[in-house]
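**Student:** Any chance you could fold what I've pasted below:
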Amino acid sequence: MRGCEIVEIKDNLKRNFFRDSFYLIIGKIVPIEPLHLDLEKFERVFILAQIWAGNIPFPMRSFLFKNKDALINKEVVFVSSSGFGERNKSFVIKLNKIPGNLVKKSFIYNRKQCKFRKIQRLS
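**Tutor:** Next up, the predicted model:
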C-alpha cells in the first residue's frame, strides 16, 4: 500500500463576504502559507475543495498559480461535493483557464450522492 500526504491550503485572510465575493469575481491571487511539501515526488495530486458560487476558491487558485510548474507533468484530479453536483462540470473549464491546463480529471458529486456514516467518538 502506498501512502499519501495531506496538506491544507491556508490563506490567513479573515473571511469577509464583500471582499471574498470581489476576489472571486476578479480571480484574485492571494498569499498562501508555504506547503512544506515537495510536489516533485508525486505523480498524482488530488485537490479537494468546495466550489464557491460557481468559482475557483481564491486559496486554490493561488495554490495552482504558485505551483503550476511543479504540477504541469502530474495527474491533477479535482474532487468536490456541491449542491449542484454534475451541473458544476463547467467549473472544470474555469479551472483549466489557469495556465498549464492542469486538471486532467474531475469528480464533482451532489451531496445527496455521497453517503456519510456517523463516526462514534471514542472516549
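
**Student:** Pass me the low-pLDDT residue ranges in the chain, would you?
**Tutor:** For the chain, applying pLDDT under 70 flags the ranges 1-2, 81-89, 99-102, 107, 109-123.

**Student:** could you pull out the strands for it?
**Tutor:** All strands of the chain, identified by DSSP state E, fall at 44-48, 75-82, 103-110.

**Student:** separation between Asn73 and Asn67?
**Tutor:** Per CB to CB, to the nearest Å, Asn73 is found 12 Å from Asn67. Where you see a C-beta, it was placed from the backbone N, CA and C, and this is true even at glycine.

**Student:** again, but for Lys41
**Tutor:** Separation of Lys41 from Asn67 (CB to CB): 13 Å.

**Student:** which of those two has more neighbours?
**Tutor:** Each of Lys41 and Asn67 has its neighbours counted (other CB atoms under 10 Å); Asn67 has more, 20 against 7.

**Student:** re earlier: deepest of the strands of the chain, which one?
**Tutor:** Mean neighbour count (mean count of other CB atoms under 10 Å) peaks for strand 75-82 among those, with a mean of 18.
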